[in-house]
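Visitor: Provided below are the primary sequence and the corresponding predicted coordinates.
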Amino acid sequence: MNVPFPGPPSRPSRVVTALAALTVVSLGLSACSPGDLGSSGDGEGITLTYLIPNGPEDVALAEALVEGFSAANPDITVEVETRPGGGDGDNLIKTRLATGEMTDVFLYNTGSLFQAIHPDRNLVPVTGEEWVEGLDDSFLPTVTAGEEVYGPPIGSAMGGGVLYNRTVYAELGLDVPRTWEQFMANNAAIAEAGTAPVIQTYGDTWTSQLFVLGDFHNVAAAEPDFAESYTANEAKYATSPAAIRGFEHLQEVAEAGYLNEDFAAATYEDGLRMVAEGTGAHYPMLTNAISPMVEAVPEAAEDVGFFALPGDDEAGNGLTMWAPSGVYIPNTTEGEQREAALRFLAFIASPEGCDAQTRGQTPSGPYLVAGCELPADVPTSVTDVQVYFDEGRVSPALEFLSPIKGPALEQITVEVGSGIRTAASGARLYDDDVEKQAQQLGLEGW
């Protein structure tokens, strides 16, 4: 699966291979039977080219989106090109923008990676488009450079928090916690009942990072300028009372003996099954895990809920959000192509566009567009995520606000969560890891 935590490796030498791997697929629909690939329009009028990653979920989403757009805009044909994911795809995007050979529209990251493609030089701003007013406030900073907005979200948002077994909670009479103290009290009751309170799956090291990265809303609530100060080398995990708490949480649950016995070897798939079946009560995880969890254990659609990582301040508790990708128009798209591209973006940022996307991909959270609603049959845990957005208790994850993400975090969090290293030592080590990366990026102040 594609996991947003680890940054994609940079392999510039493989750009030529990535370019050669590009394929063109005309997606959609009207003249084809289900499952066939064909033209999205009638062959007349304007043809738009749209570049997406080649993952099957991306292709399925694009196919459904283009089908809906084609039905409303029969004068526009959309041809979809696929590209590799990871570092190869990232390098390809930058190469095509630099050489002026980008497609008419393309799907790409939001947040710090979006800033790295220099939107002010390479993209068409959409700030004045009517639909921009309908984008969620939590999403806008991830596609904004300077004073300009550059694209709508594609797909749904993800939350980083805790999947929990609702049956375990009901049997023990527990309430969803909003503070760390309440969470640890629930863990004590769960442990006494003979169930593993907190599931950790260090057999897949990337899963160890949630207690740190998913806690960022609580950090931002306590220190609103943390992301800016962190990027400027004026704030550190080891010296910030709010930021170090994620490392301390890892240490505390381990020292309390609240982990599943096989935490060191258990895998991501093991964790999903444990929380779904109730052999573990809590699994810190992203909500993109909901769909594979329900696929493996259908009962999880009702039996598993979700809550944001609890912090120290009940009033300030809220959700750390992983923003969806965006769709952008390069400034090489001009004239009638640009007008058609703007129509395509407007469709994406509409309730009709959201409905089309739902037909292609099960949402992992809410759509960040006004008027878009989740279908009634989404899993309970997805509905739980929606509540945080409805109440405005959401912050983008740090990686969408800062370009700094040290590559060794998952190894450090495994060590802290396993009792090999203290929280204070882990935070200091991560600050050192971050410093190396910031210097490689050439950031000021480092």
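Guide: Good, I have the coordinates.

Visitor: Pull the contacting residues for the most centrally placed residue in the chain.
Guide: Nearest to the geometric centre of the chain sits residue 322, at 3.4 Å (CA atoms, centre = their mean). Residues near residue 322 by CB atoms under 8 Å, 6 or more residues apart in numbering: 4, 157-160, 286, 396-397, 400. The way it works is simple: take the backbone N, C-alpha and C, and place the C-beta from them, glycine included.

Visitor: Neighbour-wise, give me the winner out of those.
Guide: residue 159 (32 neighbours; other CB atoms under 10 Å).

Visitor: in the longest helix anywhere in the chain, what's buried?
Guide: In the chain, with assignment by DSSP state H, the single longest helix is helix 423-441. Buried residues in helix 423-441, counting neighbours by 16 or more other CB atoms under 10 Å, are found at 423, 425-431, 433-434, 437-438.

Visitor: Please report the distance of the residue nearest to the centre of the chain from residue 378.
Guide: From residue 322 across to residue 378, the span is 18 Å (CB to CB, to the nearest Å).

Visitor: now do residue 436
Guide: Per CB to CB, residue 436 is found 42 Å from residue 378.

Visitor: How about the backbone phi and psi for residue 394?
Guide: Backbone torsions for residue 394, taken as degrees, to the nearest 10, come to phi -140, psi 140.

Visitor: Please give me every residue in contact with it.
Guide: So residue 394 contacts 138, 217, 318-321, 388 (CB under 8 Å, 6+ apart).

Visitor: Run through the bridge partners of it.
Guide: Residues in a beta bridge with residue 394, per DSSP bridges, are residue 319.

Visitor: quick one on the thing from earlier: which other helices and strands does the longest helix of the chain contact?
Guide: helix 245-255, helix 409-417 (3 or more CB pairs under 8 Å, 6 or more residues apart in numbering; DSSP states H and E).

Visitor: Okay, angle between the last one and helix 423-441 too, please.
Guide: When you say that, I think you mean helix 409-417. Compare the direction of helix 409-417 with that of helix 423-441 by axes from the mean of the first three to the mean of the last three CA atoms, to 10 degrees and you get 170 degrees.

Visitor: Can you list the neighbours in contact with helix 409-417?
Guide: Contacts of helix 409-417 (CB under 8 Å, 6+ apart): 5-6, 200, 202, 205-206, 208-209, 211-213, 247, 250-251, 253-254, 259, 263, 420-423, 425-426, 429-430, 433.

Visitor: Between helix 245-255 and that helix, find me the angle.
Guide: If you take the same axes, to 10 degrees, helix 409-417 sits at 40 degrees to helix 245-255.

Visitor: Please work out the average pLDDT along helix 409-417.
Guide: The average pLDDT for helix 409-417 rounds to 97.

Visitor: Check which residues of that helix are buried.
Guide: 409-410, 412-417.

Visitor: the helices in the stretch 151-300 of the chain, which residues?
Guide: Listed in chain order, the helices of the stretch 151-300 of the chain (DSSP state H, counting those that start in this stretch) span 166-172, 180-192, 210-213, 216-222, 226-231, 245-255, 268-277, 290-296, 300-303.

Visitor: can you tell which of those is closest to residue 382?
Guide: Each of those has some distance to residue 382 by CB to CB; the shortest is helix 290-296, at 6.0 Å.

Visitor: Most widely separated two among the buried residues of helix 423-441?
Guide: 423 and 438 (22.1 Å).

Visitor: So for residue 232, which of the helices and strands packed on helix 423-441 sits nearest?
Guide: helix 409-417 (19.9 Å).

Visitor: just to revisit the earlier point, inside strands: which ones of the contacts of residue 322?
Guide: Here DSSP state E is the test, and the contacts of residue 322 give 158-160, 286, 396 as lying in strands.

Visitor: and the two most separated of those residues?
Guide: 286 and 396 (13.7 Å).

Visitor: Any idea how far apart the tips of stretch 401-413 sit?
Guide: Stretch 401-413 has an end-to-end distance of 21 Å (CA to CA, to the nearest Å).

Visitor: Over to stretch 165-180?
Guide: 18 Å.

Visitor: Reformat the helices and strands packed on helix 423-441 as CSV; add distance to residue 349.
Guide: Shown next, in CSV, are the helices and strands packed on helix 423-441 (distance: least, CB to CB, whole Å):
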stretch, distance to residue 349
helix 245-255, 33
helix 409-417, 33
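
Visitor: out of these, nearest to residue 64?
Guide: helix 409-417 (33.2 Å).

Visitor: Surely residue 345 touches residue 132?
Guide: No - with contact defined as CB atoms under 8 Å, residue 345 does not count as touching residue 132 (9.6 Å).

Visitor: wait, which of the helices and strands packed on helix 423-441 is closest to residue 306?
Guide: helix 245-255 (17.4 Å).

Visitor: Which strands and helices lie in contact with that closest one?
Guide: helix 180-192, helix 210-213, helix 216-222, helix 409-417, helix 423-441.

Visitor: how far is the last one from where the chain is centred?
Guide: What it means is helix 423-441. Relative to its parent chain, helix 423-441 has a centroid offset of 23 Å by CA atoms, centre = their mean, to the nearest Å.

Visitor: Which parts of the protein are strands?
Guide: 23-26, 46-53, 76-83, 105-108, 144-145, 148-149, 153-154, 158-165, 196-198, 280-286, 304-308, 319-322, 325-328, 394-396.

Visitor: Which one of those has the poorest average confidence?
Guide: Minimum mean pLDDT among the strands of the chain: strand 23-26, a mean of 38.

Visitor: Phi, psi for residue 54 please.
Guide: Main-chain dihedrals, residue 54, degrees, to the nearest 10: phi -90, psi 10.
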